[in-house]
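S.K.: Provided below for reference: sequence and predicted model.
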Amino acid sequence: MLLDLPFPIAGPLPLWRTVFAWFALTPLLAALLRMDFTRRRRWVLGWSFAAGWLTGALWFGANCYWVYDTMHLYGGMDRPMAVVCLLAFSLYLGFWFGVFALALALVRRAMVGGRFAWVSVAAIPFLWVGIEFALARIPEFPWDLLGYSQVDNPLLMRLAPWTGVYGVSFVVAAANTMLTSRLLPNSSRRGLFGTHLKVSEYLGLSVMGFGLVLLMVQIRPDSPAASTTAVLVQPNLDVDKDDVWVGPQWDQHIAQFTHLAGSTCPPKEFMGIPEMGAAPVKINPVDCWWSPRPNLVVWPESPAPFRDADPRFQSAMASITQADKAPMIVGAIGMDLEPGGQPYQIYNSAVVVAQDGHFVGRYDKIHLVPFGEFVPFRRLLFFIRQVAQSSGDTSIGAARKVFRIAPPAGTGDSQAHRYGVFICYESVFGDEVRQFARLGAEVFVNTSDDGWYGDTSAPWQHLNMARMRAIENRRWILRDTNNGVTAAIDPYGTVRQSIPRHEVGALAARYGFNSELTFYTVHGDWVGWICAIFALALTGWAVRALLYR
């Protein structure tokens, strides 16, 4: 329960709730560290694993309760099967918390009574981050890692451009470890640390904390200047309907798209997040009249029947760009004919259209959503299509691409800029998003359809993870969604502008460009790798020591 509080639950996360992250792990850690290895050797490993697994299963069930809504309301599952799906999901991911607890128990048991018993406690942050790193690589679901809880902490976010989210998780886990060791009874602490109580509590963790404070305590620079404008269209289409758009429907929707694409001064524009009480921007009608053309128009991932091979779609996009004199990035279905005239391969794509109407290129989504866009272990899980009507069969994109897009005349910018586009679920993988910056992207465009989550906490959780990508790479992010949260995020993770969810509208988003590379952009998840290697080595040593004892 404590671990769920520092993350969005039913809306945006209030800043005061982030404090819970600093002691949310203490109940689990205290339970594991108070185990008496000298008297209960037979059951301690199994009990530790069960305690960790139960904690993880309960947390994933509470944090990702929206899985039920997604599967039942939009996946076509009946209620019992949706419940079973949520339980299976929670148990599978909670298993990794059990692995963390078991690894800690193995290390403690191997070192109990020795001179270096304190090392088992100092290793906790490494073991925790190692498990978070494994979640991103094996089940491929690094959702709401501990570090994301601090995305609004300007002091701690000084670390992210150096270490990524894993460095932030490490600091928060270390703080939980220190607090837990102080809360344990004296008798438990003596058994825990042996004769090295002062060394373990004050020397190791205090030196680490002092070094981090020296690194982080710097004057935060002013908010980066925004030099140009993009129009982010929020169509608010119903994901539960089959949008065919036959005849007049097509013309009506394209006319609406054309209108929204030209909305450089929408009536409702907020500085910050409207749902958190942000005030609307006061737009001067004269300024609006003389506002420059946007550098870009974006249409999000959505259920719109846009297929890049459809001549009707190509003609409509060309007419919109030519009318607005602005290039576009449009969420669409990419279609490639297989060799030999076989059926098309289908991709979740973003199509780039130049201001003169010709198609520049297409980015095909690489990291697909399990069970949403493809079925893993298809032969083993053959029954999925019988219980989930919407389980997809999407092909994996071949390469990450950066698009060089020239601004239209009249924007005050004569230089072409490089844009990196990533789609929906890809935003939770920091090591993948940074590749766009390494390829030269000066700004990120994140298109998404969060309508599949329903009116739950997931869109807000998704937003915070996208904000971390902006901080790690020091890039503006233009986040365009089907039904919210559509926002402009600055390089420090601040939501500078957004519009309310569940409304048809367009955001005239101000943003800028940056070509500098952060340490994290260049080197990636180096903290995660170090923690994972150390955790594996230490656990392997503990297993070997127990086998030969």
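M.R.: Cool, the structure landed.
S.K.: need the three-state assignment for Met465.
M.R.: helix (DSSP: H, G, I helix; E, B strand; the rest coil).
S.K.: Arg34 and Ser181 touch, don't they?
M.R.: No: under the criterion of Cβ atoms under 8 Å, Arg34 makes no contact with Ser181, lying 11.1 Å away. Backbone N, C-alpha and C define where each C-beta goes, glycine included.
S.K.: and the strands in the protein?
M.R.: For the chain, applying DSSP state E gives strands covering 228-234, 296-299, 328-338, 342-353, 359-364, 402-405, 417-423, 443-448, 477-481, 487-489, 495-498, 505-511.
S.K.: nearest to Gln314, of those strands?
M.R.: strand 359-364 (7.0 Å; Cβ to Cβ).
S.K.: what's in contact with the closest one?
M.R.: Taking contacts as Cβ atoms under 8 Å, 6 or more residues apart in numbering, the residues outside strand 359-364 that touch it are 308, 314, 317, 327, 334, 347-354, 395-398, 400-401, 403, 405, 421-423.
S.K.: just the buried ones among those residues, please.
M.R.: 308, 314, 317, 327, 334, 347-354, 395, 397, 400-401, 403, 405, 421-423 (16 or more other Cβ atoms under 10 Å).
S.K.: related to what we said a few turns ago, the strands of the chain: which one's closest to Ser90?
M.R.: Between the strands of the chain, strand 443-448 lies closest to Ser90; by Cβ to Cβ that is 23.9 Å.
S.K.: I'd like the average pLDDT over the closest one.
M.R.: Average pLDDT, strand 443-448: 97.
S.K.: who does it pair with, and is each partner parallel or antiparallel?
M.R.: Paired with strand 443-448 in the same sheet, following DSSP bridges, are strand 417-423 (parallel), strand 477-481 (parallel).
S.K.: for the longest helix belonging to the chain, which helices and strands make contact with it?
M.R.: As assigned by DSSP state H, the longest helix anywhere in the chain is helix 79-111. Where contact means 3 or more Cβ pairs under 8 Å, 6 or more residues apart in numbering; DSSP states H and E, helix 79-111 is packed against helix 26-33, helix 44-63, helix 66-69, helix 119-122, helix 124-137, helix 526-547.
S.K.: how far out from the middle of the chain is the third one?
M.R.: In this case it means helix 66-69. What separates the centre of helix 66-69 from the centre of its chain is 18 Å, taken as Cα atoms, centre = their mean, to the nearest Å.
S.K.: please enumerate residues in contact with that helix?
M.R.: Taking Cβ under 8 Å, 6+ apart as the rule, helix 66-69 contacts Ala82, Val83, Cys85, Leu86, Phe89, Tyr453, Gly454, Thr456, Ser457, Ala458.
S.K.: picking up where we left off before, would you mind giving the helices and strands packed on helix 79-111 as JSON lines with mean neighbour count added?
M.R.: As requested, those are exported to JSON lines (neighbours: other Cβ atoms under 10 Å):
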{"stretch": "helix 26-33", "mean neighbour count": "20"}
{"stretch": "helix 44-63", "mean neighbour count": "20"}
{"stretch": "helix 66-69", "mean neighbour count": "20"}
{"stretch": "helix 119-122", "mean neighbour count": "22"}
{"stretch": "helix 124-137", "mean neighbour count": "23"}
{"stretch": "helix 526-547", "mean neighbour count": "17"}
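S.K.: to Phe444, which of those lies closest?
M.R.: Across those, Phe444 has its closest neighbour in helix 124-137 (19.1 Å, Cβ to Cβ).
S.K.: now do the closest one: which elements does it pack against?
M.R.: In this structure, helix 124-137 packs against helix 79-111, helix 165-183, helix 526-547, with contacts taken as 3+ Cβ pairs under 8 Å, 6+ apart.
S.K.: using PDB, write out every CA atom in that helix.
M.R.: Extracted C-alpha coordinates of helix 124-137, given in PDB (Å, rounded to 0.1, in the frame of the first residue of the first chain):
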ATOM      1  CA  ILE A 124      20.100  -4.000  -1.100                       C
ATOM      2  CA  PRO A 125      20.100  -1.000  -3.500                       C
ATOM      3  CA  PHE A 126      22.100  -3.000  -6.000                       C
ATOM      4  CA  LEU A 127      19.800  -6.000  -5.700                       C
ATOM      5  CA  TRP A 128      16.700  -3.700  -6.100                       C
ATOM      6  CA  VAL A 129      18.000  -1.900  -9.200                       C
ATOM      7  CA  GLY A 130      19.200  -5.200 -10.600                       C
ATOM      8  CA  ILE A 131      15.600  -6.500 -10.400                       C
ATOM      9  CA  GLU A 132      14.200  -3.300 -12.000                       C
ATOM     10  CA  PHE A 133      16.700  -3.700 -14.800                       C
ATOM     11  CA  ALA A 134      15.600  -7.400 -15.200                       C
ATOM     12  CA  LEU A 135      12.000  -6.200 -15.500                       C
ATOM     13  CA  ALA A 136      12.900  -4.100 -18.500                       C
ATOM     14  CA  ARG A 137      14.700  -7.000 -20.200                       C
END
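S.K.: related to what we said a few turns ago, dump the strands of the chain to TSV, plus distance to Val44.
M.R.: Conversion of the strands of the chain to TSV gives the following (distance: least, Cβ to Cβ, whole Å):
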stretch	distance to Val44
strand 228-234	54
strand 296-299	55
strand 328-338	52
strand 342-353	47
strand 359-364	50
strand 402-405	52
strand 417-423	44
strand 443-448	45
strand 477-481	46
strand 487-489	46
strand 495-498	46
strand 505-511	54
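S.K.: Trp59: which of those strands is closest?
M.R.: Distances from Trp59 to each of the strands of the chain were compared using Cβ to Cβ; the minimum, 24.3 Å, belongs to strand 443-448.
S.K.: list the contacts of the nearest residue to Gly130 once chain neighbours are set aside.
M.R.: Distances taken as Cβ to Cβ, 6 or more residues apart in numbering put Ala535 closest to Gly130, at 3.3 Å, once the chain neighbours are dropped. Counting by Cβ under 8 Å, 6+ apart, Ala535 makes contact with Ala103, Ala123, Phe126, Leu127, Gly130, Ile131.
S.K.: switch the cut-off to 6 Å
M.R.: Phe126, Leu127, Gly130 (Cβ atoms under 6 Å, 6 or more residues apart in numbering).
S.K.: my guess is Trp59 meets Met1, correct?
M.R.: No: Trp59 is not in contact with Met1 according to Cβ atoms under 6 Å; the separation is 8.6 Å.
S.K.: next, work out how far apart the residue nearest to Ile131 when sequence neighbours are not counted and Thr26 are.
M.R.: When the adjacent residues along the chain are set aside, Ile131 lies closest to Phe100, with 4.4 Å between them (Cβ to Cβ, 6+ apart). Shown here: Phe100 relative to Thr26, a distance of 15 Å by Cβ to Cβ, to the nearest Å.
S.K.: then Glu132?
M.R.: Between Glu132 and Thr26 the distance is 18 Å, computed by Cβ to Cβ.
S.K.: and for Phe49?
M.R.: From Phe49 over to Thr26 the distance is 19 Å, taken as Cβ to Cβ.
S.K.: what residue ranges in the stretch 351-500 of the chain score low on pLDDT?
M.R.: The model of the stretch 351-500 of the chain has pLDDT under 70 over residues 374-392, 410-413.
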